[in-house]
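A.B. asks: just the structure for this:
(chains A and B)
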Amino acid sequence: MTVLPVPARRRARRVTSRAVEGQELVLAGVIAVLWLVLGLVTSTFFTASNLQNILFTMSGVAIIGVGMTAVIVTAGIDVSVGSSFAVVAVIIGRAVRDAGLGPVPAVLGALAVGAALGLVNGILVAYGRIHPIIVTFGTMNLFRFVAYQIFAGQQVDGVPPAFAFLGGGAPGRTLGVPNAFLLAAVLAALAWFAMRYVPTGRHLYAIGGDAVAARLAGIRVSRRLLGVYALTGLVVGLAACVTIGGSGTVQQNFGTGLELEVIAAVVIGGTSILGGRGTVLGTVLGALLVATVTSAVTLLDWSSDLTQLFIGVFIVIAVGVDLVRERRRRNL
Amino acid sequence: MATALPRELLRLRGIRKRYGGVTVLRDVDFEVRAGEVHALVGENGAGKSTLIKIASGAEPAGGGTITVGGRRLAGGSTTAALDAGIATVYQEPQLFGELTVAENVFIGRELRRRGLVDRAAQRARVAELLARLGLDPAIAEVRVADLPVAEQQLVSIAKALTGPARVLILDEPSAILTDREIERLFAAIRTLRADGVGIVYISHRLDELAVIADRITVLRDGAVVATKPVRELCVRSIAELMVGGSLAEPGASAATSGDGPVLLAVAGLGRTRAFAEVSFQVRAGEIVALYGLVGSGAEHIAGALYGISPADTGSIAVGGEPVRVHSPKDAARAGIGMVPADRKVAGVFAGKSVGFNISVGDLPALSRVAAWVDRTREREVAAGFIRRIAIKAPGVASLVSTLSGGNQQKVVLARSLAGRPRVLLLAEPTQGVDVGAKEEIHRVVRGLAEDGSAILVVSSDLREVLRLADRVLVVRGGRIGPEFGRSAAQADILAAAAGDPVGGGGARS
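C.D. replies: Got it, this is the predicted structure:
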């Protein structure tokens, strides 16, 4: 205790806990404006196929984002999701093609493999007490190696359409909306509810705020950590099904850089990278914003490099806003 | 006891505690009655926090008994203590900023309905508690991070009261509060007292005890010196009990001050909400101490002189020349060196060698063509300091983290000396350092003064201040109070710092 905070005279702004956070409203507003402008500027934006495409591309990121949000709220991170995604995809792709696995066992298998990989991360973080970035950086390379071994130098072609109901094509839609997006929306709604109303979910915020104090308050910190990493593995498995359903091919570079897309969506969605704050709703909006920007750059016939620029700017703005908020609180 | 019900809610009898070879508590008796505020005071290291830890079950006692409401309590278990009704609020609020007040109060033991957090029930229960503490019940749904510190403090108390609290231990609840905020705290405490809760109140601010406490127990060197009703005591008499009859131990060398040139001159220094109108001078060869209790602002003044958090107003002059100190770099260039408080946080690079830690203080002087570091000279300089101020380290290459606290502190001292400062600021230079190393550090500091440096010590260790300093300036409420000389009595200085309006005479030497 070197320098004590000087007690505040100024009254704090009273911000009550609301269902929708300020940052989420801002994000929704930005997306609405973008859609409006794109609708006016291009003739193709508000076509069914383009909107279906946006919703389908964002759903994989949003599904994994559910787990990633929980992880980052506990002040952790999981950079291995791209690699575990590849492992699940190659195993399930082969099982469906070579062993003729049906859709239900295939999805269950994908979930099981994903959860198993997530458990590896969870055990190392929760009980090995190793920093999450180190653990998952390690397993990122490890899982990628495992995936390459299974690929054995060949991409998996001609996967039968067992997951067509999750894919981007016509069989993968209900009333014109991609099933993958509906799945992501249901998952996100469940997670949002759990992190807001279920004690275990609230505990994640406490752990991210101060793990020691959380333990003293009677929260089983290790078990919760194990849970969020396993959950992330589980949703990675689901996202892999969506992607296989969309393409029918499992390429060797599957999932490369996926972790950064997911983390970008989470951070743009207002989740603090320092832990203790964030919502799944924000993450879904973040994923939607990224998908919108990607689509816009294509529709406007701009260089696709610009997508990176825009995403980068959004991340910097989101993190900047977070830091400013944090600093303002310190100065109270 | 003839009375049917014991009036003592909590009774500690013959509590003993040793850490390693050091006795921290010897046969301490302490009790709290229903509906009283019992203040526990003592100097740093007198054993207050250890006693509190034992009462709250965070530490087992080395001997003695604890009874709550006449029933024996097994020590060393926080849950047992909580179940028995002993709730403790620590100095730093242990709250989660992103959760609401209601969620914080119930974290880990949420009220549930069908497996979900029953927000409505929590809100209702918390609103009741908040109203009892004089807070707006509407803040139940406000995020804790959005509340001012004082309200956070009261929320911590609300959290402690959710259990069957019969005894409430408050560890320096007022240290970081302003006067107006303290009034709110006191109002809450009075309400609880009226409800029959027994309150243990720890504080360094002796002047507030007359306002809030019913009885006072003074600890000195791990033993109870007195337990008396507050009306029988005044600030001065409490201070005397805290420090004992002992006079200041004489310093090793005679005072050398008085005739050297003024090296550090501070005039009208101020920073909003931290300190104001701070003016003093330190001459070459002189050691001046700023002494203040926690929250007095003394550490902020040191921070401003070293540019950590620059002053808004006033001027600083080094060797007669005015200097602008807006960063530690400015301070170093102006010839001001600093040994920061809390070496673990702001002092040593624990994973680096002794040589690295010392030479980082003055890399340009050790560099060739002002570019790369001359490793040979780095070693020589570090080795020189190891000899000069007797750092006990196997060698220049040893990791700092392997050294004892006292020797780590000497390494930090050596680093600040590597830049050859004319003015040296020392913040809590011997905090957490054993007695032998303390003595050695004091000797080194005196040696530096004799060699012509101007030295400013900021310390909350009264004995250290008296041993080391030629003059002691008391800091209170962000202002410089009375000045004392070497021969001043400890009780006078403590009384001045703790809020005796008369200032204990303020004898100028």
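A.B. asks: so does the host helix or strand of residue B:331 get close to chain A?
C.D. replies: Assigned by DSSP states H and E, residue B:331 belongs to helix B:328-333. No. Applying C-beta under 8 Å from any C-beta of the partner chain, one finds helix B:328-333 out of contact with chain A, separated by at least 13.6 Å. (Glycine included, C-beta is placed from N, CA and C.)
A.B. asks: which SSE is immediately downstream of that helix?
C.D. replies: strand B:336-339.
A.B. asks: quick one: strands adjacent to that next one?
C.D. replies: Counting by DSSP bridges, the strands paired with strand B:336-339 are strand B:423-427 (parallel).
A.B. asks: what sits up against the lowest-mean-pLDDT helix or strand in chain A?
C.D. replies: Ranking every helix and strand in chain A by mean pLDDT, DSSP states H and E puts helix A:211-216 at the bottom, with a mean of 80. Helix A:211-216 is contacted by residues A:75, A:203, A:206-207, A:221, B:94-96, B:107-108 when judged by C-beta atoms under 8 Å, 6 or more residues apart in numbering or on different chains.
A.B. asks: who touches the helix holding residue B:331?
C.D. replies: B:305-308, B:323-325, B:337-338, B:419, B:421.
A.B. asks: number of residues surrounding residue 318?
C.D. replies: Let's take chain A. 25 (other C-beta atoms under 10 Å in any protein chain shown).
A.B. asks: hmm, no, I was thinking of chain B.
C.D. replies: Residue B:318: 22 neighbours (other C-beta under 10 Å).
A.B. asks: and the least confident of the contacts of helix B:328-333?
C.D. replies: On pLDDT alone, residue B:419 ranks lowest of the contacts of helix B:328-333, at 78.
A.B. asks: these two touch, right, that one and residue B:358?
C.D. replies: No. Taking C-beta atoms under 8 Å as the definition, residue B:419 is not a contact partner of residue B:358, at 10.7 Å.
A.B. asks: hmm, residue B:143 is touching residue B:99, no?
C.D. replies: Yes. If you go by C-beta under 8 Å, residue B:143 and residue B:99 touch, sitting 7.0 Å apart.
A.B. asks: hmm, back to that, please identify which of the contacts of helix B:328-333 is nearest to residue B:428.
C.D. replies: residue B:338 (11.7 Å; C-beta to C-beta).
A.B. asks: which residues touch the closest one?
C.D. replies: Contacts of residue B:338 by C-beta under 8 Å, 6+ apart are B:302, B:305-306, B:328, B:331, B:416, B:424-427.
A.B. asks: mind telling me the two of those residues farthest from one another?
C.D. replies: So, the contacts of residue B:338 by C-beta to C-beta: farthest apart are B:328 and B:426, at 15.0 Å.
A.B. asks: ok, these two, which is more surrounded?
C.D. replies: residue B:426 (28 against 16).
A.B. asks: what sits against that one?
C.D. replies: B:338-339, B:413, B:445, B:455-459.
A.B. asks: ok now do the closest residue to chain A within the stretch 51-200 of chain B, which residues does it touch?
C.D. replies: As assessed by C-beta to the nearest C-beta, chain A sits closest to residue B:108 within the stretch 51-200 of chain B, at 3.5 Å. Taking C-beta under 8 Å, 6+ apart, we find residue B:108 in contact with A:203, A:206, A:214, A:217-219.
A.B. asks: tell me which element residue B:466 is part of?
C.D. replies: Per DSSP H and E: helix B:462-468 holds residue B:466.
A.B. asks: what strand or helix carries residue A:276?
C.D. replies: Per DSSP H and E, there is no helix or strand for residue A:276.
A.B. asks: returning to that earlier point: would you mark the buried spots in the least confident helix or strand of chain A?
C.D. replies: Using 16 or more other C-beta atoms under 10 Å in any protein chain shown as the test for burial, helix A:211-216 gives A:211, A:213-214.
A.B. asks: ok, of these, which one's closest to chain B?
C.D. replies: Of these, the one sitting nearest to chain B (C-beta to the nearest C-beta) turns out to be residue A:213, at 4.6 Å.
A.B. asks: nearest residue to the middle of chain A?
C.D. replies: Residue closest to the average C-alpha location in chain A (C-alpha atoms, centre = their mean): residue A:65, at 1.4 Å.
A.B. asks: next SSE after the host helix or strand of that residue?
C.D. replies: Using DSSP H and E, residue A:65 sits in helix A:48-73. Heading C-terminal from helix A:48-73, the first helix or strand you meet, by DSSP H and E, is helix A:81-99.
A.B. asks: as CSV, could you dump the C-alpha coordinates of that next one?
C.D. replies: What follows is helix A:81-99, C-alpha atoms only, in CSV (Å, rounded to 0.1, in the frame of the first residue of the first chain):
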residue,chain,number,x,y,z
VAL,A,81,-9.7,-23.0,-30.2
GLY,A,82,-8.5,-22.9,-33.8
SER,A,83,-6.4,-26.0,-33.3
SER,A,84,-9.0,-28.0,-31.4
PHE,A,85,-11.5,-27.0,-34.1
ALA,A,86,-9.2,-28.6,-36.7
VAL,A,87,-8.9,-31.8,-34.5
VAL,A,88,-12.6,-32.1,-34.2
ALA,A,89,-13.2,-31.4,-37.8
VAL,A,90,-10.7,-34.0,-39.1
ILE,A,91,-11.9,-36.7,-36.8
ILE,A,92,-15.5,-36.2,-37.4
GLY,A,93,-15.1,-35.6,-41.2
ARG,A,94,-13.3,-38.9,-41.5
ALA,A,95,-15.7,-40.7,-39.2
VAL,A,96,-18.6,-39.5,-41.3
ARG,A,97,-17.0,-40.3,-44.6
ASP,A,98,-15.1,-43.5,-43.8
ALA,A,99,-17.3,-45.1,-41.1
